[in-house]
Each structure stands twice: as C-alpha cells, then as structure tokens.
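>>> A predicted structure for the sequence below; I have some questions about it.
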Amino acid sequence: MLENRDMIVMSADWGRSPNAIQHITEIFARKNRVIWVSGIPIRAPGMRLRDVRRILDKGLRIFAPKLGRHDRLIPVTEIHPFFIPYYDIPAILRFNDDRLAAVVAATARDLDFKDPVLMLTNPMTAGVVGRLQESSSHYLCIDDYGANENSFSTLPLLEQKMLESVDTSWSMSDILMKSRIPRSGENHFFPEGVDTHHFIRIQGEPPSEIAGLRRPIIGYCGLLSWWMDIDVVVKCARAYPHATFLLLGEAKMDTAKLTAEPNIVLLGHIPYGNLPRYMEYFDVGLIPRVINRLTVAMNPLKLLEYLAMGLPVVSSDLPEVRKFGDHVYLSSNHEQFVAQLGVALQSDSAEKRRSRRAVAEKYSWQAVVDNMSRVILHVEDRKRTQKERQSLLM
C-alpha cells in the first residue's frame, strides 16, 4: 500500500453519499496526506428545488467551509473551489480549469505537498492533469457519466482528453473498461468493495422507526433516482401485500407511486454509520434498475453490502451483478423479478447466509487499495526510469 505520500482526489462532496472513491480514500488517508476536492458538477443546474438547494449548499461550503462541511472520521483536507456551472461555454470552461488548478495548487503549497498522486473521478476536471506537479495521474471511472440526465455536452470530449492525459484508467465495470481505454495502455478494473467490519449483524434492538413493521421486510438502500425501477417495486408490493417494503435513501424522483402503496415505507436518507442497524432486519435486499446505457455499466455498491449482511438479493439483470449469479436472484423482466422475490423469501437458510457473507469477505476495500497501490507504484517507477534514460541521452 502507498505510504507517506501526498494525494489529491477530485470527486463528489465528501460524506454526501459514501461511494467507492470515498471508501478507498479513507484507507489511503490512514497512511498518506490527502486533499479532497469536492463538488465539480457533470451537468448544469436547473430550476428544480433540489438544484436550488444544491447551489445554496455549495455556496455555504465555498464561503463558510467550517459551517458547510460534513463530519468525517479521517484527516482529509476538503476544499470547495468556486466555479461557474456552465462548462459548455469555452471561456467558462477555461476559467473553471484555471481556477481549479490555482486553488488546488495553492492548497498543496500551503500544506507543503510534494509530488502528489492525482486521482480524478469526473471528466470535467481533465484540464488540470499535468498542472499540479503530480507524480502520476489516474482516472477512476465509476459510471457512464455521459448517460446521466442533462450532462454537459462537452463531457465526452473532456473524458477523451482525460484518457489521453492520465497515466492509468480504472473502470468499475467490464463495459466501461472496453470503452474507456487510456492512451498509456494502463487500463484496469476497479471493483466495488465492502467494509465487512461495518456491515455485520449485531442482533441489537431495531431502530424505533422499524420496530413495529410487519415481517418479512423487503429492503432497498440507495438513492431513489431515475435509474430505479419503481414500477417493479410497486408490482412486488402488490404481489406480496403481507410484506413490508422498506426503502432507505434520499429521494431524487417523484415517489408518488411508491407512497400510494400501503406496504411501502420510505424513511429517507439514513447515515452510512447507521445502515447496518436497519439492514439487519431486512429479509431480502433489492436492486431494482431500469435497463439502459447508464445502468448496464453500473456496479452496484449495495450488492456486496447486502451479501455481507447475509441477505438474499433480488436484482435486475446487470452485467456486474451477473458475476455473482450463484448468490443472487437475477431477473430480466418484471414478472421474473416478482417471482424471484418469492423464491428468495421461501428458500433462505442459515447456511446460505453464511455463504453470502463469505463471498463478501473476499472484496474488502483494503484489498482494492493494495492492488491499486501496486499499479501506481509500478507506473511511477516506470516513469522515473524513462526520465532517467532520457536525461542520459541528452
């Protein structure tokens, strides 16, 4: 694993919705110094209420960072650079690139950073590669970003610029790996991981919000957004009226269809630290996805968390979930999804729960970080060797 190094990570806001990048950064930050650059967008804001709230929150973080920051358990230096959220205008794109590079470079100087490792998760940051005196640069592609609603039209071009500039590219699915090939040739798989020490059954008292819910409890954890197949959830709720469907996560879509069903309960966002207390009372975990360009490239984080809790999982037929076919119930249509949920409820056992837990234990975040560290060190060693050879030839 990398140790005693300086690292710059550019990703989503720290703590807003813990994802793979935050999990691996938590591991890296135990033995390295980290600057975390938050909140660079992939789409222009609209006039929707959540966009307005996001703008207000972003302003708070930029101009009053001590008030706007999330609690965190590791010592990262989080910064929120000012930017104009209209990257499709060339002059604004140049301004944002220059502003981002200047702010991050100033923070790195203040902290006396030396030869930082640069990790980028957003194509809109491609313009800073090579401008931060980094020892190596790495693109971590966790989604088909261009498939998101209202993404910037310049995003595909900037993603290609990123791939031509970075030392390595890491993709979270086989589909992404086939289409995100860096010029360097260093193309790697970036698997989802899980904190098996966190996602474990403790057999405590249930949280008060679910103490009186009727069993079985069919659970879902994650954002309620446009990629979630709410129609199949409604069909399941109607097919199993004796069960409770408990959905945990922030709603970023119209949930009227869900709340209309008497046995569907929405609790909203649950802090990451508290999730296992709720998931312990799930009888089945759901991954209901519409099938489109974005979702087929997804590698659902919750899959391994469900398995770590020993839960049977019913999922839409996604390529990365298909790899766990012996331990999940896959469905290619709504009727099959409803039927597979019945099978999952009827055929669970203590032995199967132990088997699922054993699978999850093979995918620790520490193992992911160790592998990534080996590649980074190899790339940097090769770059040093090439530089030394060029110096001898001059």
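Received, thanks.

>>> residues contacting whichever helix or strand R356 is part of, please?
Using DSSP states H and E, R356 falls within helix 350-360. Around helix 350-360, the neighbours that count as contacts under C-beta atoms under 8 Å, 6 or more residues apart in numbering are 194, 196, 199, 304-312, 324, 327. C-betas here are computed from N, CA, C, even on glycine.

>>> looking at the residues you listed, state which has the most neighbours.
Greatest neighbour count in the contacts of helix 350-360, by other C-beta atoms under 10 Å, goes to Y306: 30 neighbours.

>>> for it, give me its contacts.
Taking C-beta under 8 Å, 6+ apart as the criterion, Y306 is in contact with C221, M279, F282, G285, I287, V313, R356.

>>> go on, F95?
I84.

>>> gap between it and Y87?
10 Å (C-beta to C-beta, to the nearest Å).

>>> K235: what's it in contact with?
Contacts of K235 (C-beta under 8 Å, 6+ apart): H334, F337, V338.

>>> do I have it right that S171 meets H138?
No - judged on C-beta atoms under 8 Å, S171 makes no contact with H138 at a distance of 11.6 Å.

>>> sorry, back to before: export the contacts of helix 350-360 as TSV, with columns for pLDDT and distance to M162.
Listed next are the contacts of helix 350-360 as TSV, based on pLDDT from 0 to 100; distance: C-beta to C-beta, whole Å:
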residue	pLDDT	distance to M162
V194	94	28
T196	92	32
F199	95	32
L304	95	27
E305	96	29
Y306	97	32
L307	97	32
A308	96	32
M309	97	36
G310	97	39
L311	97	37
P312	97	39
F324	93	30
H327	93	35
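
>>> which ones among those residues lie within helices?
Assignment to helices by DSSP state H places the following of those there: L304, E305, Y306, L307, A308.

>>> so is I8 in a helix, a strand, or just coil?
Under DSSP: H, G, I helix; E, B strand; the rest coil, the three-state class of I8 is strand.

>>> just for the protein, where's the confidence low?
Within the chain, the ranges that satisfy pLDDT under 70 run 17, 45-74, 394.

>>> show me the helices in it, by range?
For the chain, the helices defined by DSSP H occupy 20-28, 49-63, 65-68, 90-110, 155-165, 174-179, 230-239, 256-259, 275-279, 301-308, 319-322, 334-346, 350-360, 365-393.

>>> for A12, which of those helices is the nearest?
Within the helices of the chain, the stretch nearest A12 is helix 20-28; the backing value is 7.5 Å (C-beta to C-beta).

>>> which of the helices of the chain is buried the deepest?
Scoring the helices of the chain by mean neighbour count under mean count of other C-beta atoms under 10 Å gives helix 301-308 as the most buried, with a mean of 26.

>>> correct me, but V313 touches G285?
Yes - V313 is in contact with G285 according to C-beta under 8 Å; the separation is 4.9 Å.

>>> one step back: quick one: which of the contacts of helix 350-360 is nearest D6?
Closest approach to D6 among these (C-beta to C-beta): V194, at 27.6 Å.

>>> that closest one contacts E305, correct?
Yes - here V194 reaches E305: they are 5.6 Å apart, a contact under C-beta under 8 Å.

>>> rewinding a little: which one of the helices of the chain lies closest to G130?
Nearest to G130 among these is helix 155-165; the distance by C-beta to C-beta comes to 6.5 Å.

>>> by contact count, what packs against that closest one?
Applying 3 or more C-beta pairs under 8 Å, 6 or more residues apart in numbering; DSSP states H and E, we find helix 155-165 packed against strand 136-141.

>>> the strand it packs on vs helix 20-28, what angle?
Counting by axes from the mean of the first three to the mean of the last three C-alpha atoms, to 10 degrees, strand 136-141 lies at 140 degrees to helix 20-28.

>>> and for strand 136-141, what's in contact with it?
By C-beta under 8 Å, 6+ apart, the residues outside strand 136-141 that reach it are 20-21, 117-121, 129-130, 162-163, 165-172, 176, 180, 182, 190, 376, 379-380, 383.

>>> just checking: what are the partner strands of that strand?
Note on strand 136-141: by DSSP bridges, its sheet partners are strand 117-120 (parallel), strand 168-171 (parallel).

>>> check the offset of the first one from the chain's centre.
In this case it means strand 117-120. Mean-position distance between strand 117-120 and its chain equals 16 Å (C-alpha atoms, centre = their mean, to the nearest Å).

>>> likewise for stretch 89-96?
27 Å.

>>> for stretch 214-221, same thing?
That offset, for stretch 214-221, works out to 23 Å (C-alpha atoms, centre = their mean).

>>> repeat for stretch 211-221
Distance of stretch 211-221 from the chain centroid (C-alpha atoms, centre = their mean) equals 25 Å.

>>> and it, end to end?
Terminal residues of stretch 211-221 are spaced 18 Å apart (C-alpha to C-alpha, to the nearest Å).

>>> list the buried residues of it.
Residues of stretch 211-221 classed as buried: L213, P216, I217, I218, G219, Y220, C221 (neighbour count, 16 or more other C-beta atoms under 10 Å).

>>> quick check: S225 touching D254?
No - between S225 and D254 there is no contact under C-beta under 8 Å: 10.9 Å.

>>> how is the chain carved up into domains?
Residue ranges for the domains of the chain, per automatic domain parsing: 6-193+367-393, 217-360.

>>> ok, of the buried residues of stretch 211-221, which one's closest to L111?
Of all the buried residues of stretch 211-221, L111 sits closest to C221, with 35.6 Å by C-beta to C-beta.

>>> that closest one touches G285, doesn't it?
Yes - judged on C-beta under 8 Å, C221 makes contact with G285 at a distance of 7.4 Å.

>>> ok, G185 to A126 distance?
With C-beta to C-beta as the criterion, G185 and A126 are 18 Å apart.

>>> more neighbours, the two?
The neighbour count for G185 versus A126, taken as other C-beta under 10 Å, is higher for A126 (23 against 8).

>>> any idea how far S137 is from the more buried one?
Separation of A126 from S137 (C-beta to C-beta) stands at 10 Å.

>>> what is in contact with the two at once?
By C-beta under 8 Å, 6+ apart, A126 and S137 have these common neighbours: L120, S165.

>>> returning to what we had before: how about the domains of the chain, which one is nearest P206?
Nearest of the domains of the chain to P206, taken as C-beta to C-beta: domain 217-360 at 5.3 Å.
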